[in-house]
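*Asks:* fold the following for me, if possible:
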Amino acid sequence: MTDNSPIILWFRRDLRLGDHPALAAAVATGRPIVPLFIHDEVVEGQGAAPKMRLGFSVEALDRSLHGTGSRLVLRRGRALDVLRKVITETGAGAVYWSRLYDPLSKERDTAVKSALKDDGVTAQSFAGHLLFEPWTVETKTGGFYKVFTPMWKAVRGTDLPVSTPAPNRLEAPQEWPASDALADWAMDAAMMRGRDVLAAFCTVGEQAALSRLETFINERVGNYQTNRDLPRVDGTSRLSENLTYGEIAPLTCWHAGWAALNHGDADAEVFLKELVWREFAYHLVHHTPHITTDNWKPDWDGFAWNTDETDPKAVAWKQGRTGIRFVDAAMREMYVTGTMHNRGRMIVASYLTKHLMCHWKIGLKWFEDCLVDWDPASNAMGWQWSSGSGPDATPYFRVFNPVTQLDKFDKNREYVDRWIAEGRSQPHADALRYFDAVPEHWAIKPTDDYPAPVVSAEDGRKAALDAYSNRGF
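*Replies:* Numbers count the residues shown, from 1 in each chain. Predicted coordinates:
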């Protein structure tokens, strides 16, 4: 191997060309670059909706790479085995990738880096998935942050690198290794009939993500603080979908937010806080990886949540048939679009874990299967924050009332009417799409009666507080 040996650029959740440190470093060497995506053990374990959406992103990246005179090589198998094989086929002397921070990815990447170095191959990881590497943000006493606000104050004034543009050309290898066909992977197979419904709502690829950011900054960031809480209004950035797959870098969003703030849009600071909230999730996952699988606060280990996913109450929640309109509307939004308004996420999580007394892991797993913006850190922290077992400065006994919340944030019922068809003579088209998206064996139709509440707002709150009191909190 010589200094001109190819570099394998292993793409994962960084499916873009701009603001991409690993790619920029590879380009700077002047060496040939072999872009590679591996359908490995981590990808295989993803839920139906995120795996389908990941396939769309991989396809979009390949199109972008063709514009640079390059292409994306696709291989399926165990990550280390695939990398070794492609290294042999291409004579590559190095593998570059962007770091990930969830436990499964870290375990895989640590093993891959060690093995490749033992093979005599340069294995180098780069930042790019986050604004701040989790180990670089510390409290004054040298520990990690367990509460969001102090972390936000600590990083707010941090100078971050300027954005770097996408390269115009990538040096190609003398010969391209063989590639799988993306269609053969059938990454959308588990979605079954819901695929076409959900796909119509996806905004895919780097250019679409940049356009989405520009529209948000130009048209919506000025009223972000108010409108982000109104599910009937298109008032959020919707960038979680693109950040999940790295179609846009958090650094790009950070600089755009600061530019808006400096231009006089005060609400841009709330947007910047949301970016750091994502950082906070990864900060906790890095320092306390058990948050993804177990109660972050161990004193909740003895709490008597219902863990039966087949319990009729849990099933009604999954189906969006609880009889609580805010909960059901939000769940149906997720089945049709693959996303859910943030206010809705808080409501459905609180209702499942507190009114229905079902374990947060039931919701965690269901979201993992249904959200196209599923993120391992944000999903875990969000569910534990809502259930009370996670990092939250607010007392555990906060129980959202889904009825009064609806009165406050959807007073005219525009959101509910968009997503619930039962009892309406002319349902909204999106409300009807729900019945096309959900599994046929659920055997539900828009002419069914809307169900009575499985647990009322008042009874659920009382039961939750009684359970907390008996637990001794």
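*Asks:* now do stretch 354-370: distance to the chain's middle.
*Replies:* The chain centre lies 16 Å from the centre of stretch 354-370; the measure is C-alpha atoms, centre = their mean, to the nearest Å.
*Asks:* so for that stretch, what gets flagged as buried?
*Replies:* For stretch 354-370, the neighbour count (16 or more other C-beta atoms under 10 Å) marks 354-364, 366-370 as buried. In this view, the C-beta of every residue, glycine as well, is placed from N, C-alpha and C.
*Asks:* point out where the stretch 51-200 of the chain drops to low pLDDT.
*Replies:* Of all residues in the stretch 51-200 of the chain, none has pLDDT under 70.
*Asks:* where exactly do the helices run in it?
*Replies:* Here the stretch 51-200 of the chain has its helices, by DSSP state H, counting those that start in this stretch, at 79-90, 103-118, 148-155, 182-185, 194-199.
*Asks:* just the buried residues of stretch 354-370 now: which is nearest residue 70?
*Replies:* Nearest to residue 70 among those, counting by C-beta to C-beta, is residue 368 at 32.4 Å.
*Asks:* isn't the closest one up against residue 48?
*Replies:* No. Taking contacts as C-beta atoms under 8 Å, residue 368 lies outside contact range of residue 48: 9.4 Å.
*Asks:* let me see the ranges of the helices in the stretch 251-400 of the chain.
*Replies:* Ranges of helices in the stretch 251-400 of the chain, per DSSP H, counting those that start in this stretch, are 268-287, 312-319, 325-337, 342-350, 360-370, 376-387.
*Asks:* and the fifth one, what does it pack onto?
*Replies:* Using 3 or more C-beta pairs under 8 Å, 6 or more residues apart in numbering; DSSP states H and E as the contact test, the elements touching helix 360-370 are helix 48-66, helix 312-319, helix 325-337, helix 342-350, helix 376-387.
*Asks:* contacting residues around that helix?
*Replies:* For helix 360-370, the external contacting residues (C-beta atoms under 8 Å, 6 or more residues apart in numbering) are 46-50, 305, 307, 309, 314, 317-318, 334-335, 338, 348-349, 352-353, 374, 379-380, 383-384, 386-387, 389.
*Asks:* quick check on those: which are buried?
*Replies:* Among those, those classed as buried by neighbour count (16+ other C-beta under 10 Å) are 46-50, 305, 314, 317-318, 334-335, 338, 348-349, 352-353, 374, 379-380, 383-384, 386-387, 389.
*Asks:* and residue 23, which of the three is it?
*Replies:* Classification of residue 23 using DSSP: H, G, I helix; E, B strand; the rest coil returns helix.
*Asks:* any idea how far it is from residue 64?
*Replies:* Going from residue 23 to residue 64 by C-beta to C-beta, to the nearest Å gives 11 Å.
*Asks:* same thing with residue 337?
*Replies:* Distance from residue 337 to residue 64, by C-beta to C-beta: 24 Å.
*Asks:* I figured residue 291 was touching residue 381, is that so?
*Replies:* Yes. In this structure, residue 291 is within contact of residue 381 by C-beta under 8 Å, at 6.5 Å.
*Asks:* any residues in contact with both of the two?
*Replies:* Overlap of the contact sets of residue 291 and residue 381 (by C-beta under 8 Å, 6+ apart) consists of 284-285, 390.
*Asks:* distance to residue 210 and mean pLDDT added to the helices of the stretch 251-400 of the chain, as TSV?
*Replies:* As requested, those are arranged in TSV below (distance: least, C-beta to C-beta, whole Å; pLDDT from 0 to 100):
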stretch	distance to residue 210	mean pLDDT
helix 268-287	16	98
helix 312-319	35	98
helix 325-337	21	98
helix 342-350	22	96
helix 360-370	26	98
helix 376-387	21	95
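*Asks:* most neighbours out of the shared contacts of residue 291 and residue 381, which is it?
*Replies:* Within the shared contacts of residue 291 and residue 381, neighbour counts (other C-beta atoms under 10 Å) peak at residue 284, which reaches 26 neighbours.
*Asks:* show me the residues around the closest residue to that one other than its chain neighbours that make contact.
*Replies:* Leaving aside its sequence neighbours, residue 284 sits nearest to residue 291 (C-beta to C-beta, 6 or more residues apart in numbering; 5.5 Å). The contact partners of residue 291, by C-beta under 8 Å, 6+ apart, come to 284-285, 380-381, 384, 390.
*Asks:* one more time with 10 Å, if that's ok
*Replies:* Going by C-beta atoms under 10 Å, 6 or more residues apart in numbering, residue 291 touches 103, 281, 284-285, 297, 376-377, 380-381, 383-384, 389-391.
*Asks:* next: residue 346.
*Replies:* By C-beta under 10 Å, 6+ apart, residue 346 lies in contact with 229, 330, 340, 382, 385-386, 400, 402, 405.
*Asks:* which residues belonging to stretch 198-214 are considered buried?
*Replies:* Buried, per 16+ other C-beta under 10 Å, within stretch 198-214: 198-199, 202-210, 212-213.
*Asks:* show me what contacts the closest residue to residue 317 other than its chain neighbours?
*Replies:* Leaving aside its sequence neighbours, residue 317 sits nearest to residue 352 (C-beta to C-beta, 6+ apart; 5.2 Å). Contacts for residue 352 (C-beta under 10 Å, 6+ apart) come out as 305-306, 313-314, 317-318, 322, 327, 331, 358-360, 362-363, 366, 383, 386-387.
*Asks:* can you check the pLDDT for residue 465?
*Replies:* According to the prediction, residue 465 has pLDDT 88.
*Asks:* and it, how many neighbours does it have?
*Replies:* 15.
*Asks:* got it, and residue 408?
*Replies:* 12.
*Asks:* how close does it sit to residue 275?
*Replies:* Note on residue 408: its distance to residue 275, by C-beta to C-beta, is 26 Å.
*Asks:* check residue 420 too.
*Replies:* Taken as C-beta to C-beta, the span from residue 420 to residue 275 is 32 Å.
*Asks:* output stretch 450-458 as PDB, nothing but the C-alphas.
*Replies:* Only the C-alpha atoms of stretch 450-458 are listed here, as PDB (Å, rounded to 0.1, in the frame of the first residue of the first chain):
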ATOM      1  CA  TYR A 450     -65.100   6.500  18.200                       C
ATOM      2  CA  PRO A 451     -64.200   4.600  21.400                       C
ATOM      3  CA  ALA A 452     -65.000   5.700  24.900                       C
ATOM      4  CA  PRO A 453     -61.900   6.600  27.000                       C
ATOM      5  CA  VAL A 454     -60.100   3.500  28.200                       C
ATOM      6  CA  VAL A 455     -59.000   5.600  31.200                       C
ATOM      7  CA  SER A 456     -60.300   9.100  31.700                       C
ATOM      8  CA  ALA A 457     -58.000  12.100  32.300                       C
ATOM      9  CA  GLU A 458     -59.200  12.400  35.900                       C
END
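*Asks:* what's the mean pLDDT across it?
*Replies:* pLDDT averaged over stretch 450-458 gives 96.
*Asks:* top strand in this structure by residue count?
*Replies:* Longest among the strand segments of the chain by residue count, using DSSP state E, is strand 33-39.
*Asks:* distance between that strand and the chain's centre?
*Replies:* 22 Å.
*Asks:* now do it, average pLDDT.
*Replies:* 98.
*Asks:* can you dump the C-alpha atoms of the helix or strand that that strand is followed by in CSV for me?
*Replies:* Moving toward the C-terminus from strand 33-39, the next helix or strand (DSSP states H and E) is helix 41-44. Taking Å, rounded to 0.1, in the frame of the first residue of the first chain, the C-alpha atoms of helix 41-44 are listed here in CSV:
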residue,chain,number,x,y,z
GLU,A,41,-26.0,-5.8,12.3
VAL,A,42,-26.9,-2.3,13.6
VAL,A,43,-28.9,-1.4,10.5
GLU,A,44,-30.6,-4.8,10.5
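*Asks:* fine by me, we can end here.
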